[in-house]
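Q: Here's a sequence, model it:
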Amino acid sequence: MEQVDSSPIGIFDSGVGGLSVLRAVRQQMPGESIAYVGDQQHVPYGPRPLAQVREFAGAITRFLLAKGAKLIVVACNAASAAALTQLRQSFPSTSFVGMEPAVKPAAERTLTRVVGVLATPATFQGALYASVVERFAAGVELVRSTCPGLVEQIESGDLEGPRTRAILEQALHPMLESNIDTVVLACTHYPFVIPLIQDIVGASVRVIDPAPAVARQTMRLLEKRALRAPAGGHARPRYFTSGNPRALRTVLHLLLGEDAEVAALHWDGDSLLEGA
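A: As a prediction, this is how the structure comes out:
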């Protein structure tokens with residue numbers, strides 16, 4: 001008989017960006033329970049020192065494991081770049097799925113051999129990005145931008161306003177002048193502004209959202225370890241934030257069309273605890 005498991009998948013990000021991954025996971029595995037942590041007290045992770053991001057990631061992992069998480073998705077490119085290797089070493093019995101910049105599929109598909117990459121500073125500084133570029137981007141020019149301020153715009157729910165458009169135009173226009181035909185979204189916040197990105201770059205430029213591939217990898221690992229939830233049903237995620245629960249509820253409705261309760265978390269030294 002196939003083994004099933006109703007324990008939750010743990011997903012975390014510095015804020016609401018990981019909801020793009022949660023959305024993809026739910027589309028592919030609607031019966032899976034999910035516990036989602038947005039560390040909004042510390043958003044964004046991108047400009048922070050890598051050592052600090054590693055500390056946050058370790059504490060959030062401990063919190064999710066205490067909630068019974070059977071697998072953890074590091075739904076944050078900055079945290080994946082800074083902490084994924086250490087997390088796997090520190091929690092060897094736990095399976096982790098991280099975010100890897102989608103340079104490989106971009107390099108395989110580009111015809112102009114010029115690809116735009118939108119990411120935060122921590123992602124570009126991390127060894128993971130350098131490794132991906134070295135392995136897969138030979139002969140491809142990568143035009144990079146950190147899109148300063150874009151994460152904060154998305155956190156506030158501004159997906160198409162003048163300020164958000166200005167940030168993206170400042171990043172994308174130089175890329176278009178360099179003849180890109182593909183844009184890699186290497187921050188989980190950015191898929192929420194794909195319609196605006198596509199409007200700026202035009203239909204001839206492909207925009208790569210990594211979330212569906214991350215969801216597929218999550219499903220593969222769960223099946224490999226016989227940890228899939230029972231078939232059927234639609235589990236409702238549990239949401240936690242170290243920021244303002246009411247604000248996250250509002251953005252949840254905007255981004256996912258969902259009204260859900262959000263539990264408050266607080267930092268006590270290097271531990272993440274429930275309660276305001």
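
Q: Which of the helices or strands spans His234?
A: Under DSSP states H and E, no helix or strand contains His234.

Q: May I have the residues that are in contact with Gly98?
A: Going by CB atoms under 8 Å, 6 or more residues apart in numbering, Gly98 touches Val73, Val74, Ser80, Leu84, Leu128. (Glycine included, C-beta is placed from N, CA and C.)

Q: how does it look with 6 Å?
A: Contacts for Gly98 (CB atoms under 6 Å, 6 or more residues apart in numbering) come out as Val74, Ser80, Leu84.

Q: List the buried residues in the worst-scoring helix or strand of the chain on mean pLDDT.
A: Of all helical and strand segments in the chain, the minimum by mean pLDDT, DSSP states H and E falls on helix 121-125, at a mean of 89. Residues of helix 121-125 classed as buried by neighbour count (16 or more other CB atoms under 10 Å): Pro121, Ala122, Thr123, Phe124, Gln125.

Q: Please compute how far it lies from its chain's middle.
A: Offset of helix 121-125 from its chain centre (CA atoms, centre = their mean, to the nearest Å): 14 Å.

Q: can you give me the offset of whichever helix or strand comes after that helix from its chain's centre?
A: As assigned by DSSP H and E, the chain's next helix or strand after helix 121-125 is helix 127-136. On the basis of CA atoms, centre = their mean, helix 127-136 sits 18 Å off its chain's mean C-alpha point.

Q: thought Pro191 was touching Asp209?
A: Yes - contact criterion CB atoms under 6 Å: Pro191 and Asp209 qualify, at 4.5 Å.

Q: shared neighbours of those two, anything?
A: Taking CB under 6 Å, 6+ apart as the criterion, Pro191 and Asp209 both touch Leu185.

Q: hang on, the earlier thing: okay if I get the buried residues of helix 121-125 as JSON lines plus distance to Ser6?
A: As requested, the buried residues of helix 121-125 are arranged in JSON lines below (distance: CB to CB, whole Å):
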{"residue": "Pro121", "distance to Ser6": "39"}
{"residue": "Ala122", "distance to Ser6": "34"}
{"residue": "Thr123", "distance to Ser6": "34"}
{"residue": "Phe124", "distance to Ser6": "39"}
{"residue": "Gln125", "distance to Ser6": "39"}
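
Q: Which one of the residues you listed is nearest to Gln28?
A: Proximity of the buried residues of helix 121-125 to Gln28 (CB to CB) peaks at Thr123, which lies at 24.3 Å.

Q: Leaving out the residues flanking it, which one is nearest to that closest one?
A: The shortest distance from Thr123 to any non-neighbouring residue, by CB to CB, 6 or more residues apart in numbering, is to Asn77 (4.4 Å).
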